[in-house]
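> just to be clear, the model below is a prediction. Sequence and coordinates:
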Amino acid sequence: MKATLIVASDTHGRNDVLQQLENAYPTADVFIHCGDLEDDANRFGHWVFVRGNNDWDYNMPSQRILNIAGVRIYVSHSHRCGYSNREQQLIKIAKENGCSVAVFGHTHIPMAKEVHGVWLINPGSMAWPRDGNSPAYAVVHLEDGTVHDVEIIHEESWPFGIKKKERKKRTFWF
């Protein structure tokens, strides 16, 4: 059994990209958002959401367990995990829930690696990356009950055209 997941996070109101991801990946099996949507999740019916620390929609769960193509996936924003041991906490929670994958957001830094039998996948931020790279999302390919491949797709390789000047401008007050 195969499945393709599109994973986004930390869009922080730049939610035009969610519809563009749906259009770019019409055969994707599941669209997952790892929190900090900053919008009404009901506007995005094809997406599975968890609540981030900047989400006001308290109808979104703070975490989810998904079963897709024989793979159990833990989904969280991860803002309640400690900074210095986030990965270890996510691995522990995933294993306690019988999950071999943990997808998460909050850090705005993309990651895809397997540690102690658990895939840690953070798509980064589609709005405000913190690692010096461009905005990003992830494409996860599952096959035969395992993670077959994970791609981090940065803005310059997005299959839809959003130019930097079209990005929503944001003012920070700190």
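Looks like it came in fine.

> which other residues reach the biggest helix by length in the chain?
When the chain is parsed with DSSP state H, its longest helix is helix 86-96. Outside helix 86-96, the residues that touch it by CB atoms under 8 Å, 6 or more residues apart in numbering are 74, 76, 78, 81-82, 100-102, 104, 107, 115-118, 120. Every C-beta, even on glycine, is put in place using the N, C-alpha and C of the backbone.

> how about whichever helix or strand comes after that helix: buried residues?
Using DSSP states H and E, the helix or strand that follows helix 86-96 in sequence is strand 101-104. By neighbour count on 16 or more other CB atoms under 10 Å, the buried set for strand 101-104 is Val101, Ala102, Val103, Phe104.

> list just the nearest of the residues you listed to His33.
Val103 (9.8 Å; CB to CB).

> please name the bridge partners of that closest one.
Applying DSSP bridges to Val103 gives these bridge partners: Val75, Ile121.

> now stretch 48-63, how far from the chain's geometric center?
Centroid displacement of stretch 48-63 relative to its chain, using CA atoms, centre = their mean, to the nearest Å, is 13 Å.

> rounded mean pLDDT for that stretch, please.
Model confidence over stretch 48-63, given as mean pLDDT, is 94.

> ends of that stretch, what's the gap?
11 Å (CA to CA, to the nearest Å).

> kindly report the same for stretch 59-73.
Start-to-end, stretch 59-73 (CA to CA) is 20 Å.

> stretch 101-117 now?
9 Å.

> returning to what we had before: show the buried residues in the contacts of helix 86-96.
Among the contacts of helix 86-96, those classed as buried by 16+ other CB under 10 Å are Tyr74, Ser76, Ser78, Cys81, Ser100, Val101, Ala102, Phe104, Thr107, Val118, Leu120.
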